[in-house]
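Engineer: Build me a structure from this.
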Amino acid sequence: MNPTTKFRLSLMMFLEFFVWGSWYVTMGTFLGNNLAAKDQDISLAFSTQSLGAIIAPFVVGLIADRYFQAQKILGVIHILGAGLMYLLYSSKEFSGFFPFLLIYMILFMPTLALVNSISFNQMKSPEKEFSVIRVWGTIGWIAAGILISYLAWDSQEGLANGLLKNTWIMASFVSLALGIYSFTLPSTPPRAKRSGEFKLSEALGLDALALLKHKNYAIFFLSSILICIPLAFYYQNASPFLTEIGVENSTGKMTIGQISEVLFMLALPVFFSRFGLKKTLIVAMLAWAIRYVFFAFGDADSGVWMLMVGIALHGVCYDFFFVSGQIYTDSHAGEKFKSSAQGLITLATYGVGMLIGFWAAGQISNYFLNTEGFHDWKSIWLIPAGISLLVLLFFISFFKSEEIKPEHKP
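Structural biologist: Model prediction:
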């Protein structure tokens, strides 16, 4: 890949995840402080991500693999998203906020598959090249979090003055910039050939389900769904948890997870090549269990180091599972269904798995909420730790070691 293309794709990833990181980390805190939302409301808000992810493979399969160039679809979605972000910024109560968020996430979630597809289309060896591009998405997420804490929007004073709502207007402007920029990205034309006869399964991208005929991939797919149940606890509860127990500048501190993500993203090709797919995924799932144990026993005083280590483990959790999974999915998809295959794994992880996880996290958080408005966080965090350990045992038992063969590479 030439340096110019690498830069263009890296900037795309940076902006994509800057937009998401601008509001996603702090949404639970924002809803509780600015819109007086309850745990169930916050759970419902985060579930919009999952609903969007479930729809994503059909949108991508229908459009990106068969009808229009992926970069143009990306541009249209982010321009529309900029308008929706402004409407979220203007919302005064949760009942008016939720519909706009739902529409936004239905539009946004397919873009995660689209940016991957645009990137893979320019690569000859994704297992070596993709992590170098994808790491800029993590840097974009870090930049958003550090900026929020630098501007003190998430400080006690900022929360008292309602400044956290500014995250939405920041996301709106960056989304608009990315939408315009997307039209300049390398051409990613539809790859699946359209026959004269219309087939609904092809139009909706359901042909990518053929990947599940491969037993090993089916085990990976199911494990992806299951491991995202405990992951939802982190996304939904981490910011409110740190804020409630008194950790200052929590958004900035949570970027430690993304900083470690940068390091492990760069280390992934070496680890992947030396230890293979199965061991890489095992390390990721083990890290999930450990991080939640640290959250359960850490505190804002002498145990703050446990919280910081738990946050730092995000790099291992995310990179070693999600990025490896995207590469593994691409290797099985081949040329024909690159976009819809990425949409399929998005459905499994951000869709079905997290939908269950967000619902469970909301119910469990509410169950462990006392009459004074404080949570029993130790009990809450030990539950996803246990789930992670069970998923790990399932994966170790049934997934067979597999090498990504040359003929599978794009």
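
Engineer: All the helices of the stretch 1-150 of the chain, in order from the start?
Structural biologist: Here the stretch 1-150 of the chain has its helices, by DSSP state H, counting those that start in this stretch, at 3-23, 27-34, 39-63, 70-90, 94-120, 126-150.

Engineer: what about the second one, distance to the chain center?
Structural biologist: What separates the centre of helix 27-34 from the centre of its chain is 20 Å, taken as Cα atoms, centre = their mean, to the nearest Å.

Engineer: ok, back up a step: could I get the helices of the stretch 1-150 of the chain in CSV, plus columns for distance to L231 and mean pLDDT?
Structural biologist: (Glycine included, C-beta is placed from N, CA and C.) Listed next are these as CSV, based on distance: least, Cβ to Cβ, whole Å; pLDDT from 0 to 100:
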stretch, distance to L231, mean pLDDT
helix 3-23, 15, 95
helix 27-34, 15, 90
helix 39-63, 11, 79
helix 70-90, 23, 94
helix 94-120, 15, 90
helix 126-150, 15, 86
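
Engineer: Pull up the gap between the residue nearest the centre of the chain and W359, please.
Structural biologist: When Cα atoms, centre = their mean is applied to the chain, the residue found nearest the centroid is Y350 (6.5 Å). Y350 sits 14 Å away from W359, taking Cβ to Cβ, to the nearest Å as the criterion.

Engineer: Who are the contact partners of the nearest residue to L80 once chain neighbours are set aside?
Structural biologist: Spatial nearest neighbour of L80, chain neighbours left out: L107 (6.0 Å); criterion: Cβ to Cβ, 6 or more residues apart in numbering. When contacts are counted by Cβ atoms under 8 Å, 6 or more residues apart in numbering, L107 touches G52, I77, L80, G81, L84.

Engineer: Can you select the buried ones among those residues for me in PyMOL?
Structural biologist: Buried residues among those (16 or more other Cβ atoms under 10 Å), as a PyMOL selection:
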select buried, resi 52+77+80+81+84
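
Engineer: out of the contacts of L107, who's nearest S187?
Structural biologist: Comparing those against S187 with Cβ to Cβ picks out I77 as the nearest, at 17.3 Å.

Engineer: quick one, what contacts the closest one?
Structural biologist: L107, F108, P110, T111, L114, G179.

Engineer: Same list, the helices of the stretch 1-150 of the chain, but as a markdown table with distance to D330 please.
Structural biologist: Compiled in a markdown table, those are given as follows (distance: least, Cβ to Cβ, whole Å):
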| stretch | distance to D330 |
| --- | --- |
| helix 3-23 | 15 |
| helix 27-34 | 30 |
| helix 39-63 | 14 |
| helix 70-90 | 14 |
| helix 94-120 | 5 |
| helix 126-150 | 6 |
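
Engineer: all helices of the stretch 301-410 of the chain, in order?
Structural biologist: With helices called from DSSP H, counting those that start in this stretch, the stretch 301-410 of the chain shows them at 304-312, 314-318, 324-333, 338-346, 354-367, 377-398.

Engineer: What average pLDDT does the fifth one get?
Structural biologist: It refers to helix 354-367. What helix 354-367 shows for mean pLDDT is 91.

Engineer: again, but for the shortest one
Structural biologist: pLDDT averaged over helix 314-318 equals 85, rounded to a whole number.

Engineer: which strands and helices sit next to it?
Structural biologist: helix 250-297 (3 or more Cβ pairs under 8 Å, 6 or more residues apart in numbering; DSSP states H and E).

Engineer: from the contacts of I77, which single one is nearest N34?
Structural biologist: Taking the contacts of I77 together and measuring to N34 by Cβ to Cβ, the closest member is F108, at 20.9 Å.

Engineer: That closest one and G179, how far apart?
Structural biologist: Counting by Cβ to Cβ, the gap from F108 to G179 is 12 Å.

Engineer: what is in contact with these two at once?
Structural biologist: The contact lists of F108 and G179 share I77, G81, where a contact means Cβ under 8 Å, 6+ apart.

Engineer: Compare those two (neighbour count), which wins?
Structural biologist: Higher neighbour count among F108 and G179: F108, with 25 against 20, using other Cβ atoms under 10 Å.

Engineer: shouldn't the more buried one be in contact with M85?
Structural biologist: No. Between F108 and M85 there is no contact under Cβ atoms under 8 Å: 9.8 Å.

Engineer: Spatially nearest residue to A70 (excluding sequence neighbours)?
Structural biologist: Residue nearest to A70 in three dimensions, not counting chain neighbours: T188, with 3.9 Å by Cβ to Cβ, 6+ apart.

Engineer: Report how many residues lie close to that neighbour.
Structural biologist: Counted with other Cβ under 10 Å, T188 comes out at 23.

Engineer: Give me the residues contacting stretch 22-31.
Structural biologist: Here stretch 22-31 has contacts from 37, 41-42, 45-46, 85, 88, 94, 97, 144-145, 148, 153-154, 159, 164-165, 167-168, 170-171, 174, 235-240, 243, 250-251, 254, using Cβ under 8 Å, 6+ apart.

Engineer: if I pick L263, what's in contact with it?
Structural biologist: So L263 contacts G315 (Cβ under 8 Å, 6+ apart).

Engineer: And it, what's its pLDDT?
Structural biologist: In this prediction L263 is given a pLDDT of 84.

Engineer: again with S201
Structural biologist: pLDDT for S201: 57.

Engineer: So which bits of stretch 211-220 are buried?
Structural biologist: L211, L212, N216, Y217, I219, F220.

Engineer: For the helix or strand the third one falls within, buried residues please.
Structural biologist: It stands for N216. Using DSSP states H and E, N216 falls within helix 215-244. For helix 215-244, the neighbour count (16+ other Cβ under 10 Å) marks 216-217, 219-244 as buried.

Engineer: If I take it and helix 250-297, what angle do their directions form?
Structural biologist: With axes from the mean of the first three to the mean of the last three Cα atoms, to 10 degrees as the basis, helix 215-244 and helix 250-297 are set at 110 degrees to each other.

Engineer: what packs against helix 215-244?
Structural biologist: Applying 3+ Cβ pairs under 8 Å, 6+ apart, one finds that helix 215-244 contacts helix 27-34, helix 39-63, helix 250-297, helix 324-333, helix 338-346, helix 354-367, helix 377-398.

Engineer: All set now, cheers.
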